[in-house]
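Asks: sequence plus the predicted model coming up.
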There are 2 protein chains.
Amino acid sequence: MRAELVSVGTELLLGQIDDTNARWISERLAAVGVDVLRRHTVGDNLERIVDVLALAAADADAVLVTGGLGPTQDDLTRDAIASFAGLALVRDPELEEMLREKFRGFSARPMPESNLRQADVPAGARTILPDRGTAPGLIVDLASGTRVYAMPGVPDEMVEMMTGTILPELSARAGDGVIASRVLRITGIGESAVAEVLTDLFDGSVNPTVAYLASMGEVKVRLTAKAASATAADDLLRPVVEEVRGRLGDVVFTLDDASLEETVLELLRREGATIACAESLTGGSVAARIASVAGASAAFTGCVVAYAAEAKRDVLGVSQETIDGPGVVSEACAREMASGARRVFGADIGLATTGVAGPEPHGGHEPGTVWLAIDAATVSHTRGFRVTGERARVIRWSQQAALDLVRRYLDGRPLPVSDRTV
Amino acid sequence: MRAELVSVGTELLLGQIDDTNARWISERLAAVGVDVLRRHTVGDNLERIVDVLALAAADADAVLVTGGLGPTQDDLTRDAIASFAGLALVRDPELEEMLREKFRGFSARPMPESNLRQADVPAGARTILPDRGTAPGLIVDLASGTRVYAMPGVPDEMVEMMTGTILPELSARAGDGVIASRVLRITGIGESAVAEVLTDLFDGSVNPTVAYLASMGEVKVRLTAKAASATAADDLLRPVVEEVRGRLGDVVFTLDDASLEETVLELLRREGATIACAESLTGGSVAARIASVAGASAAFTGCVVAYAAEAKRDVLGVSQETIDGPGVVSEACAREMASGARRVFGADIGLATTGVAGPEPHGGHEPGTVWLAIDAATVSHTRGFRVTGERARVIRWSQQAALDLVRRYLDGRPLPVSDRTV
């Protein structure tokens, strides 16, 4: 099975947005044993989209197109596929009804007639009904035998169609085998450190294959096995999962692709514990990550985002001595914030972040200076470190390190001490 | 001037890394008036790289290649360009000396002879000497007149050659033209409603061009003009920006691509006002968005994330009557949370969110039920509505609506009332 990808959108060629879809799709196709020969990006121009479809279809069994399925006039993927395949565009009454129905669900106004463009499909095409969005996906078989899949460019909508329809179909076409993946996620060490430890597994990897992916304070290790059955694939994966975990140790926080916040909430549930936080430099983003998980309210009681020194004192009970002495960017302040959060919300665990997100220094401390604290009946631990880079990176790394303190505490792992630069 | 981009690297096709180079180069080329027709990504395979070079060069004045210039056997860009251009690869003694020199600078070991591959250039090619890395860039003129530029894939090394050599050269070749863009951002109405209002502008758009992009509760309208000078491009853009703003009205929150949180902070600075929030269903994410903006601390005093009813009462002062009566998902609770946040943090404006993020109902209220409140000396306003869809969407739309309440209040716009489903 050989595939080519086509991303449609002038905004991509102008460099206005990143093509995160192309990477996501590439990764998933690799995981189900589909070779991606080439990727192409083209603007919202009918003739050029047709040209690119022709070259993508020349060597590939499947062409996956993203973007250009919206309701506006510059959404031309439907027209381009019909034109390239030599098919007429016809309006699908079932899609039309679906669009009217969806529109009624979120607007009191009548649906603009122009939206019905989304009900037009190349004659004979199969469609993929959208769950989240309104743009149907298209599946068109060319006379050459190549199959063209078209999906919306909105990442959530693309993922829905890939996961629900296209990947299972391609996986089946790619052979009788079953593909199974396991994703281990790691925080606290860098990609090169992971690569170094796993280099021989990676080099020799055939089945399962081993791949890394680093992003925003985490490294993912994806193991993918191909076998005759799901059980056989699992049997291939299990020893490699154990080998990887054994080599990397407790920096691995999940063997099942759970997010760090999901992992923390699962541990809180397991221990029957509640958590509250006090955030300064992370500005509420640690709380937001915890709250993003369904069911968070069972373990998460609340958070005080105390940006101003007065708020740290009046709401969290940080002492005036600490504010006047070591200051708000200090180990003492983090410790008092954590115990304050625990007290204010009556939680079992208090977690605190303070520091300088940047870009400007604050109170004589450089941007990237971070202090974290965790406070509970059996622990009172602080950790200070420096994060290099811009504001968003400082905030993200601080979130990771803070959530990881809770994970390690709940899971009985040693807590990292102050010193590292990340 | 028309360009095509070629990214070389099997790791890109496997989805192991993002192609951040492609976006960066696209953006810079647009800024100097070079049209990017297409982008292509290809693996480390000699024949396929040659094929892609042929198709990229067919319509373009310039082909920019990144990647495949390293010292290993799978670095094939040099060979592919020589093969495609019909030129022999010859070893450049000056490059050979540079490589030996650089290697001495960072290693005590003798340089592997295989590294000298990097001194091989297609006969007659110009080279770009690397400052940071070891891989020289290449500039090859094809018989067709198309010029091929090859750069290393390492982002820093690519940027160095683009900035130092390639962009100035392309800019000069592109003539005096300048491309300028303006991005208006809109919240509170959907993409199709925006499209409907702007359809004639869009249909007729040539210079400036008009494009839309919807994502996560916002619509962007991008206007792009091409002219002899920056001033002339601005002159083309200004009336269209005004026309679009005039038609859409106050749902447009920025004419300069500012985020909603940046817009709110700018208005807070303008009015010399401070803000505090009280969040339940948004879980700290409104605070996190405000705090993500550099300089937020001047106007943002803090936030209480009160997930538990007791926290709403004890920390924010929501009355027991409200908790026992209408409950925590109610207009009254939102109002008391907003005034509580204002009082607790001594802020000019209090902003509150409560509701049910889902997926489960809560206290008899369906997922997607949202109440917002804003409280200040001259306003006490609430807004209730329903958001359809999953937890992340409910949270995101609630953030948007909450921040937009503040924007509208500070900017003297009418505040939306309860009722819409988004």
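Replies: Yes, it's here. Not measured: the values here are computed from a predicted model. Numbers count the residues shown, from 1 in each chain, chains lettered A, B, ... in the order given.
Asks: domains in chain A, by residue range?
Replies: A:2-173, A:178-254, A:260-410 (automatic domain parsing).
Asks: which of these has the highest mean neighbour count?
Replies: Of those, the one with the most neighbours on average (mean count of other C-beta atoms under 10 Å in any protein chain shown) is domain A:260-410, at a mean of 22. No exception for glycine: its C-beta is placed from N, CA and C like everyone else's.
Asks: just to revisit the earlier point, between the domains of chain A, which gets nearest to residue B:79?
Replies: domain A:2-173 (18.2 Å; C-beta to C-beta).
Asks: pretty sure residue A:72 sits in a helix.
Replies: No. Residue state for residue A:72 (DSSP: H, G, I helix; E, B strand; the rest coil) corresponds to coil; a helix is not indicated.
Asks: find the nearest non-adjacent residue to it, please.
Replies: Distance criterion C-beta to C-beta, 6 or more residues apart in numbering or on different chains; nearest residue to residue A:72, sequence neighbours excluded, is residue B:195 at 4.5 Å.
Asks: quick one: residues contacting the nearest residue to residue A:28 once chain neighbours are set aside.
Replies: Closest residue in space to residue A:28, ignoring its immediate chain neighbours: residue A:167 at 5.9 Å, by C-beta to C-beta, 6+ apart. With contacts taken as C-beta atoms under 8 Å, 6 or more residues apart in numbering or on different chains, residue A:167 has the following neighbours: A:28, A:29, A:32.
Asks: on that earlier part again, how about the residue nearest to residue A:72, what does it touch?
Replies: By C-beta under 8 Å, 6+ apart, the contact set of residue B:195 is A:71, A:72, A:73, A:112, A:114, B:202, B:212.
Asks: tell me the spacing between it and residue B:254.
Replies: When distances are taken as C-beta to C-beta, to the nearest Å, residue B:195 and residue B:254 turn out to be 19 Å apart.
Asks: try residue A:100
Replies: Where residue B:254 is concerned, residue A:100 sits at a distance of 33 Å (C-beta to C-beta).
Asks: repeat that for residue A:345.
Replies: Taking C-beta to C-beta as the measure, residue A:345 and residue B:254 are separated by 36 Å.
Asks: picking that back up, which one of the domains of chain A has the lowest average pLDDT?
Replies: Here the lowest mean pLDDT among the domains of chain A goes to domain A:178-254, at a mean of 86.
Asks: how far does that domain stretch from start to finish?
Replies: One end of domain A:178-254 to the other measures 23 Å (C-alpha to C-alpha, to the nearest Å).
Asks: also stretch A:363-382?
Replies: 20 Å.
Asks: how far away from the center of its chain is it?
Replies: Centre-to-centre, stretch A:363-382 and its host chain are 27 Å apart (C-alpha atoms, centre = their mean, to the nearest Å).
Asks: near chain B at all, that stretch?
Replies: No. Applying C-beta under 8 Å from any C-beta of the partner chain, one finds stretch A:363-382 separated from chain B by no less than 9.8 Å.
Asks: hmm, residue B:302 and residue A:315 touching each other?
Replies: Yes. Shown here, residue A:315 and residue B:302 form a contact pair, counting by C-beta atoms under 8 Å, at 7.0 Å.
Asks: quick one, strands of the stretch 251-400 of chain A?
Replies: For the stretch 251-400 of chain A, the strands defined by DSSP state E, counting those that start in this stretch cover A:252-254, A:275-279, A:300-306, A:349-355, A:369-376, A:379-386.
Asks: which residue is the nearest non-sequential neighbour of residue A:393?
Replies: Closest to residue A:393 by C-beta to C-beta, 6+ apart is residue A:387, at 6.5 Å.
Asks: now do stretch A:173-183: distance from first to last residue.
Replies: Start-to-end, stretch A:173-183 (C-alpha to C-alpha) is 24 Å.
Asks: quick revisit: okay, the domains of chain A in CSV with distance to residue B:333 next?
Replies: Conversion of these to CSV gives the following (distance: least, C-beta to C-beta, whole Å):
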stretch, distance to residue B:333
domain A:2-173, 25
domain A:178-254, 35
domain A:260-410, 15
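Asks: compare these and give me the one nearest residue B:359.
Replies: Nearest to residue B:359, of all the domains of chain A, is domain A:260-410, at 5.5 Å by C-beta to C-beta.
Asks: around chain B, pick out the residues from the stretch 301-422 of chain A.
Replies: With C-beta under 8 Å from any C-beta as the criterion, the stretch 301-422 of chain A comes near chain B at residues A:301-308, A:310-311, A:314-315, A:344-346, A:357-360, A:391-392, A:395.
Asks: can you do 7 Å?
Replies: Within the stretch 301-422 of chain A, the positions near chain B by C-beta under 7 Å from any C-beta of the partner chain are A:301-308, A:310-311, A:315, A:344-346, A:359, A:391-392, A:395.
Asks: then the stretch 51-200 of chain A?
Replies: Counting by C-beta under 7 Å from any C-beta, the stretch 51-200 of chain A sits next to chain B at A:52, A:55, A:70-74, A:105-106, A:112, A:114-115, A:132, A:154.
Asks: and the two most separated of those?
Replies: The distance between the two most remote of those (C-beta to C-beta) is 39.9 Å, for A:55 and A:105.
Asks: end to end on stretch A:308-322, go ahead and measure it.
Replies: From start residue to end residue, stretch A:308-322 stretches across 14 Å - C-alpha to C-alpha.
Asks: returning to what we had before: for residue A:419, find the nearest of the domains of chain A.
Replies: domain A:260-410 (6.6 Å).
Asks: show the end-to-end separation of stretch A:345-353, please.
Replies: Across stretch A:345-353, the terminal residues are separated by 16 Å (C-alpha to C-alpha).
Asks: give me the contact list for it.
Replies: A:273-282, A:286, A:301-302, A:334, A:337-339, A:341-342, A:372-376, A:398, A:402, A:405-406, B:310-311 (C-beta atoms under 7 Å, 6 or more residues apart in numbering or on different chains).
Asks: ok so, going back, how far away is the residue nearest to residue A:72 from residue B:397?
Replies: Residue B:195 sits 20 Å away from residue B:397, going by C-beta to C-beta.
Asks: same question for residue A:70.
Replies: Between residue A:70 and residue B:397 the computed distance is 19 Å (C-beta to C-beta).
Asks: and the strands of the stretch 251-400 of chain A as TSV, adding distance to residue B:327?
Replies: Below are these laid out as TSV (distance: least, C-beta to C-beta, whole Å):
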stretch	distance to residue B:327
strand A:252-254	36
strand A:275-279	22
strand A:300-306	17
strand A:349-355	28
strand A:369-376	31
strand A:379-386	36
